[in-house]
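Q: coords please:
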Amino acid sequence: GAYLDDLAAKFPKLDSGQDIVAGSALGSDFVKYLKLDLTMDRKSGWPGSAADVSSLYDSIILPFYRDAGDVRALLAAWDKRITHETAVLRMPRAGSGSGFNRMIRRGDDRDAERARDKEESRLEDEAQKEFRERRLPDLQWQKERDGLLYGGDLASGYAKLTQLLRAHLDHPSAQAWLSELKALAAGAYSKNSEDGNGS
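A: As a prediction, this is how the structure comes out:
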């Protein structure tokens, strides 16, 4: 968590380093020169990019807290994940024209540069809207479901899940959430049913 806090805070200051952090770790010139990609264990569960927050939480952080049996720490990790995934929205995709690439194009035609900036801004706005309307409710659902499965207060957990479902009836996962809620209430949904990758 501390690494991701630090990454989210320092990322805007990286300029040309932003593409490096957002890109594949195994694709860097350094890794290729030292042939580290030949010795790296790709099955270890670690993500291929320093900015791949979702994979890091799904494969390393959340399983650790689930196994530890501390529901408060698990829910705190979920809160951190939501904070970090929100911060990732500000990170460009590798090769998106940020950092060094943006510095190179200063000599380009100003109208073309403004058009590119406008399009990048529009895409960023769309990504933020998609996150708020789709990804964020899904993360909140997974958090509250984990709270129920790993020892949280049952009455409060069911109330939060019901409230989330009512608030997001038009969400693509709403039907799956309803099925999960019914299974949870019937005691038919277990920790083994949950795959850690969303609904």
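Q: beyond the helix or strand hosting Ala127, next helix or strand please.
A: In this structure, Ala127 sits in helix 110-130 according to DSSP states H and E. Remark: after helix 110-130, the chain's next helix or strand is helix 136-149, criterion DSSP H and E.
Q: let me see the mean pLDDT of that following helix.
A: Across helix 136-149, pLDDT averages out at 96.
Q: quick one: the helices in this structure, in order.
A: 2-10, 18-22, 29-33, 53-56, 62-68, 71-88, 99-104, 110-130, 136-149, 154-167, 174-186 (DSSP state H).
Q: export the ones you listed as a markdown table, with columns for mean neighbour count.
A: Glycine gets a C-beta too; all of them are placed from N, C-alpha and C. Formatted as a markdown table, the helices of the chain follow (neighbours: other Cβ atoms under 10 Å):
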| stretch | mean neighbour count |
| --- | --- |
| helix 2-10 | 13 |
| helix 18-22 | 21 |
| helix 29-33 | 10 |
| helix 53-56 | 19 |
| helix 62-68 | 15 |
| helix 71-88 | 18 |
| helix 99-104 | 14 |
| helix 110-130 | 11 |
| helix 136-149 | 20 |
| helix 154-167 | 15 |
| helix 174-186 | 15 |
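Q: tell me who's in contact with the residue nearest to Gly151 when sequence neighbours are not counted.
A: Take Gly151 and drop its neighbours on the chain: the residue closest to it by Cβ to Cβ, 6 or more residues apart in numbering is Val71, 4.2 Å away. By Cβ atoms under 8 Å, 6 or more residues apart in numbering, Val71 lies in contact with 147, 150-152.
Q: what is the mean pLDDT for the helix holding Ala127?
A: 85.
Q: mind listing what Tyr57 touches?
A: 77, 81, 84.
Q: nearest to Ser179, of those residues?
A: Arg81 (23.7 Å; Cβ to Cβ).
Q: ok, and the closest non-adjacent residue to that closest one?
A: Tyr57 (4.5 Å).
Q: what does Gln140 give?
A: Nearest residue to Gln140 in three dimensions, chain neighbours excluded: Leu164, at 5.8 Å (Cβ to Cβ, 6+ apart).
Q: tell me the contacts of the one you found?
A: 137, 140-141, 144, 177.
Q: quick one: which of the contacts of Val71 has the most company?
A: Neighbour tally across the contacts of Val71 (other Cβ atoms under 10 Å): the maximum, 21 neighbours, falls on Gly147.
Q: close enough to count as contact, it and Ala77?
A: No - counting by Cβ atoms under 8 Å, Gly147 sits too far from Ala77 to count as a contact (11.4 Å).
Q: between these two, which contacts overlap?
A: What both Gly147 and Ala77 touch, as defined by Cβ under 8 Å, 6+ apart, is an empty set.
Q: my read: Phe131 touches Val88, true?
A: No - with contacts counted by Cβ under 8 Å, Phe131 stays clear of Val88, the gap being 9.1 Å.
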